[in-house]
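[1] here is the input, now give the coordinates:
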Amino acid sequence: MHPLHAEVLEITPLRLKQADHTGTGSNTQTVLTLNPQLLSDIQLADSLIDLSVIYQGADVGITEKHLLLPSAQLNSQQKRQLWKLLSEY
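    Numbering: from 1, shown residues only. As a prediction, this is how the structure comes out:
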């Protein structure tokens, strides 16, 4: 559903999360330490997710209102995925 239609109808559209995957059963997540400039740029994004802590994941995604990145150093494709994802939230 288009976000404008959802707003008019006063409903919350459902979104599938890219980070939905089956894990090994371990609930522990690794917190990433990002370069200060990248962290600052990410925190400027006005989104509904908690951008104060960033966890390591298999790919760029969002789960349980947290940002997941594959590593602290992103290549250009991963950065494009990140900004696209943040622009949707």
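
[2] identify each buried residue in the helix ranked longest in the chain, please.
    Counting residues, the longest helix found in the chain (DSSP state H) is helix 76-88. Within helix 76-88, the residues scored as buried using 16 or more other C-beta atoms under 10 Å are 81-82, 85-86. All C-beta spots, glycine's among them, are computed from the backbone N, C-alpha and C.

[3] now swap in stretch 41-57 and tell me
    Using 16+ other C-beta under 10 Å as the test for burial, stretch 41-57 gives 42, 47, 51, 54-55, 57.

[4] looking at these, which one is closest to Leu34?
    Leu34 has its nearest neighbour among the buried residues of stretch 41-57 in Ile54, at 6.3 Å by C-beta to C-beta.

[5] after the helix or strand harbouring the closest one comes which helix or strand?
    Of the helices and strands defined by DSSP states H and E, Ile54 is found in strand 50-56. Under the assignment DSSP H and E, the closest C-terminal helix or strand after strand 50-56 is strand 61-63.

[6] neighbouring contacts of the following helix or strand past that following strand?
    Tracing the chain C-terminally past strand 61-63 and defining elements by DSSP H and E, one meets strand 66-69 next. Under the criterion C-beta atoms under 8 Å, 6 or more residues apart in numbering, residues 19, 32, 34, 42, 49-51, 53-62, 78, 82 lie in contact with strand 66-69.
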